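S.K.: here is a sequence with its predicted model. Questions after.
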Amino acid sequence: MKFLLQTKDTNSSARAGIIKTAHGEIPTPIFMPVGTAATVKGVHQRELSKDIGAPIILSNTYHLYLRPGIDIISQAGGIHKFAGWEGSILTDSGGYQIFSLAHQCKIKEEGATFHSHIDGSTHLFTPENVMDIQRTIGADIIMAFDECTHYPCDENHARTSMDRTHRWLKRCVNRFRETEPKYGYEQNLFPIVQGSIFRNLRKESAEIIAGCELEGNAIGGLSVGEPPEMMYEMTELVCDILPANKPRYLMGVGTPANILESIALGIDMFDCVMPTRNARHGILYTSEGIINIKNEKWKTDFSSIDSEGTVFADHQYSKAYLRHLFSVGELLGGQIASLHNLGFYLNLVKTAREKIVDGSFNSWKVEMVEKLGRRI
């Protein structure tokens, strides 16, 4: 993997670059649609690549391990062939899902024993077998196995968890380096900064992660309930330590405003279920603010969903029509809303990139953040 840093903003830490993987080029900053189980819910791969223009999607080790199972993915020739996706793929290690979805998770130095949220069966994830699983899945970018802390937690717990994550990271790196990709193309390992909301821990973790000198670096354990200002404080602290010549990935973030503020702090990569999950409930993100399309006020509004256009180049769906689809329970309503929100997110980071390049990012960001969070 190569990362070319092209331009830096003069009034913030925002930057524009290009990540090159075996499956194509990824302009940064970038938002990665979440395809947890090898699919972005309700969206065709053709729509993701052609209509929305997503160069990379995210999938999840925990979910793919349980269903369909890595044997099936291996027989298919890897996740790209299994899902019919030609772009790049990043896999989360599954650490967050173990601690949030799995029942009766027990963490020991060896790894994490958990019960499947599907059938209650018992499984063990270790740093070594999580590397093996991700090798078999075949994503371009794979994540180290980490222990996630909830918010709030005390500093002693955060320290214990962070130290274990660092010890697990060494085992991940060793296993990664002693194994080879299975499908003839390169894979890249990203470590994850932890430390909850404690500045001393975040600083220590960022220094250790930077010292690993891997192809990119991730920041985990944020956007888990802490105030946005605290998330930004931790992000800024970590970005000042992580090397500038490697991509920085802020995991699980977030709202459009969160993304713009974090780009200004030096983040290059984002993922979040919010655009598709909220879309299925009728929540739309637009250039003027947030819409609940189920509200009565849109019943006779025949204007397009967003005044600045949508991803639907051949057909502009009206607010009234989309509200009708939700009111009668048509599946197309959720599909249109999902496509719109993903298109909005991808267009947002694309525009941010353009503003970084032309030198107007910071003033544009301030104006957009004010609008993006309001309800209309």
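M.R.: Looks like it arrived, so ask away.
S.K.: tell me the secondary structure for residue 20?
M.R.: What DSSP: H, G, I helix; E, B strand; the rest coil gives for residue 20 is strand.
S.K.: for it, give me its contacts.
M.R.: The contact partners of residue 20, by C-beta atoms under 8 Å, 6 or more residues apart in numbering, come to 1-4, 26. The C-beta positions use only the backbone N, C-alpha and C, and glycine is treated the same way.
S.K.: the stretch 51-200 of the chain: strands as residue ranges?
M.R.: Secondary structure of the stretch 51-200 of the chain (DSSP state E, counting those that start in this stretch): strands located at 56-60, 88-92, 103-107, 112-115, 122-125, 141-143, 188-190, 192-193.
S.K.: quick one: which of these is nearest residue 246?
M.R.: Relative to residue 246, the nearest member of the strands of the stretch 51-200 of the chain by C-beta to C-beta is strand 188-190, separated by 9.0 Å.
S.K.: in its sheet, which strands sit next to the closest one, and in what direction?
M.R.: Paired with strand 188-190 in the same sheet, following DSSP bridges, are strand 141-143 (parallel).
S.K.: how close does residue 52 sit to residue 210?
M.R.: According to C-beta to C-beta, to the nearest Å, residue 52 and residue 210 sit 33 Å apart.
S.K.: now residue 308
M.R.: 39 Å.
S.K.: and those two? which has more neighbours close in?
M.R.: Applying other C-beta atoms under 10 Å to residue 308 and residue 210 shows that residue 210 carries more neighbours, namely 17 against 12.
S.K.: low-confidence stretches in the protein?
M.R.: Filtered on pLDDT under 70, the chain yields the residue ranges 309-310, 312-314.
S.K.: show me what contacts residue 146?
M.R.: Contact analysis of residue 146 by C-beta under 8 Å, 6+ apart lists 93, 95, 165, 168-169, 192, 194, 220.
S.K.: same thing but 7 Å
M.R.: 93, 95, 165, 168, 192, 194, 220 (C-beta atoms under 7 Å, 6 or more residues apart in numbering).
S.K.: distance to residue 18 for the residues you listed - can I get that in a markdown table?
M.R.: Conversion of these to a markdown table gives the following (distance: C-beta to C-beta, whole Å):
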| residue | distance to residue 18 |
| --- | --- |
| 93 | 25 |
| 95 | 28 |
| 165 | 30 |
| 168 | 31 |
| 192 | 23 |
| 194 | 28 |
| 220 | 24 |
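S.K.: columns neighbour count and distance to residue 376 on top of these, output as CSV?
M.R.: Formatted as CSV, the contacts of residue 146 follow (neighbours: other C-beta atoms under 10 Å; distance: C-beta to C-beta, whole Å):
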residue, neighbour count, distance to residue 376
93, 28, 38
95, 25, 37
165, 28, 41
168, 26, 45
192, 27, 37
194, 30, 37
220, 27, 33
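S.K.: let me know the closest of these to residue 237.
M.R.: residue 194 (13.1 Å).
S.K.: contacts only, for that closest one.
M.R.: 146, 149, 161-162, 165, 205, 220-221.
S.K.: swap in residue 198?
M.R.: Applying C-beta under 7 Å, 6+ apart to residue 198 gives the contacts 155, 158.
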